[in-house]
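K.L.:
Sequence isn't available, so here's the structure alone:
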Ligand SMILES: *Cc1c(COP(=O)(O)O)cnc(C)c1O
């Protein structure tokens, strides 16, 4: 019998039935009073849960649009931006900003490592930057940036904003906007929120909103904070049609998060991430990211010597699990496994067992059940 397909890539992640049901609802008018009240409650919840005195924007689009929206509303042509990059997605800010005529300086780490905080500090002392961008979890490397430390540092530079790409972290890795001195946190729905792709979410703290005001009119239209702000305050107003069913789906995810507890959700991700990484290491793989800087939301898994990536991933797919390939210089050398959002114990145990079967079919010698054993002992200890 053919296996069910588990989507274990770093986004989209598995979507629970109750979230799918929201997607399948009969569409309502965006002026429907019930929809308006659901939308309002969603904005309120996002503000309260992620703790900001600033604003929240929920707009149709992807994570990349959220990155562009953050930049468009805070930086202008000829401004200076410091990009702290731990991989492919960190570098994406370079392209976005160079098109706008923003001057970028890039601090890059070796893939798997982080840029040391002292290096960032030195750069900030040398030159005045209007903003610093950091990717909390870079999906290409599985590295988690020390966002809290960088936030503390950037805080002491009055005119510098701290922009955090949380596309592979928000709702999985610890983030509180104002407490962590984040000025803009941005994400998409399809990763740790466990909602299908389609919405961008941005939290903009007071300092970011002041900057938006100060720069006056901007060339961008659809992604202008000032166009959306009246809707975020009162969703009965119209600017561009809200993605009604997506908003319901996200609201259901947020309700699940409230039931679970955000702090508990963070702890769950931490435990799962660690246990998955130990289990994978236990059967001959290694993890790209250095131990102290490993993400909880995904693992970037390096093959043992002599394994072919394309054929392994094909076998794994036949066993019912889809993972992603490596990016950049790690294409063909690793696979990327998401374990964030609403993945449960069934998904995780099944994934490890499928990896063992795929290893066996690739001709590797496998001690069946070993990874599952390591995972369960870690989870239940
Ligand atoms: C996935 C991802 C993005 C891009 O998001 P899209 O929704 O694919 O546009 C940006 N940053 C990070 C860290 C990501 O993981």
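P.N.:
Here it is on my side, so go on. Note that the coordinates shown come from a computational prediction; the quantities given were computed from them, not determined experimentally.
K.L.:
Tell me how far residue 345 lies from the ligand.
P.N.:
The span separating residue 345 from the ligand equals 24 Å under the rule Cβ to the nearest ligand atom, to the nearest Å. To be clear about C-beta, it is placed using only N, CA and C from the backbone, and glycine gets the same treatment.
K.L.:
Sorry, wrong one. I was asking about residue 150.
P.N.:
Using Cβ to the nearest ligand atom, one obtains 15 Å as the distance from residue 150 to the ligand.
K.L.:
That residue belongs to a helix?
P.N.:
Yes. Per DSSP: H, G, I helix; E, B strand; the rest coil, residue 150 lies within a helix segment.
K.L.:
count of residues packed around it?
P.N.:
Close neighbours of residue 150, defined as other Cβ atoms under 10 Å, add up to 25.
K.L.:
mind starting the numbering at 52 from now?
P.N.:
Got it, the first residue is 52 from now on, which makes the last one we talked about residue 201.
K.L.:
Would you confirm that it contacts residue 135?
P.N.:
Yes. With contacts defined as Cβ atoms under 8 Å, residue 201 counts as touching residue 135 at a distance of 7.1 Å.
K.L.:
Can you tell me, leaving aside adjacent residues, what's nearest to residue 383?
P.N.:
In space, residue 383 comes closest to residue 360 once its chain neighbours are excluded; the distance is 4.7 Å by Cβ to Cβ, 6 or more residues apart in numbering.
K.L.:
can you pull the contacts of residue 108?
P.N.:
Neighbouring residues of residue 108 by Cβ atoms under 8 Å, 6 or more residues apart in numbering: 120, 251-253, 255, 276, 279-280, 283.
K.L.:
how about the residue of the chain found nearest the ligand, phi and psi?
P.N.:
For the chain, the nearest residue to the ligand under the criterion Cβ to the nearest ligand atom is residue 114, separated by 2.5 Å. Here is the backbone geometry of residue 114 (degrees, to the nearest 10): phi -60, psi -40.
K.L.:
Likewise for residue 145?
P.N.:
Dihedral angles (degrees, to the nearest 10) for residue 145: phi -60, psi -50.
K.L.:
which residues sit in contact with it?
P.N.:
Listed by Cβ under 8 Å, 6+ apart, the contact set of residue 145 reads 134, 136, 155, 157.
K.L.:
okay, the contacts of residue 108 in CSV with distance to residue 177 next?
P.N.:
Written out in CSV, the entries for these read as follows (distance: Cβ to Cβ, whole Å):
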residue, distance to residue 177
120, 29
251, 33
252, 34
253, 29
255, 27
276, 30
279, 36
280, 35
283, 37
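K.L.:
Go through the residues you listed and flag which are in strands.
P.N.:
Secondary structure defined by DSSP state E assigns 251-253, 255 of those to strands.
K.L.:
For residue 201 and residue 135, list the residues in contact with both.
P.N.:
Common contacts of residue 201 and residue 135, defined by Cβ under 8 Å, 6+ apart, comprise 171, 183, 185.
K.L.:
Can you tell me the SS state at the second one?
P.N.:
When the structure is reduced to helix, strand and coil (three-state DSSP), residue 183 reads as strand.
K.L.:
how far away is it from residue 264?
P.N.:
Residue 183 sits 20 Å away from residue 264 when distances are taken as Cβ to Cβ, to the nearest Å.
K.L.:
Looking at the two, which is more packed in?
P.N.:
Neighbours per residue (other Cβ under 10 Å) separate residue 183 from residue 264, with residue 183 holding more: 25 against 10.
K.L.:
longest helix of this protein?
P.N.:
Criterion DSSP state H: the longest helix present in the chain is helix 313-333.
K.L.:
for that one, packing partners?
P.N.:
With contacts taken as 3 or more Cβ pairs under 8 Å, 6 or more residues apart in numbering; DSSP states H and E, helix 313-333 sits against strand 337-338, strand 349-353, helix 396-412, helix 421-431.
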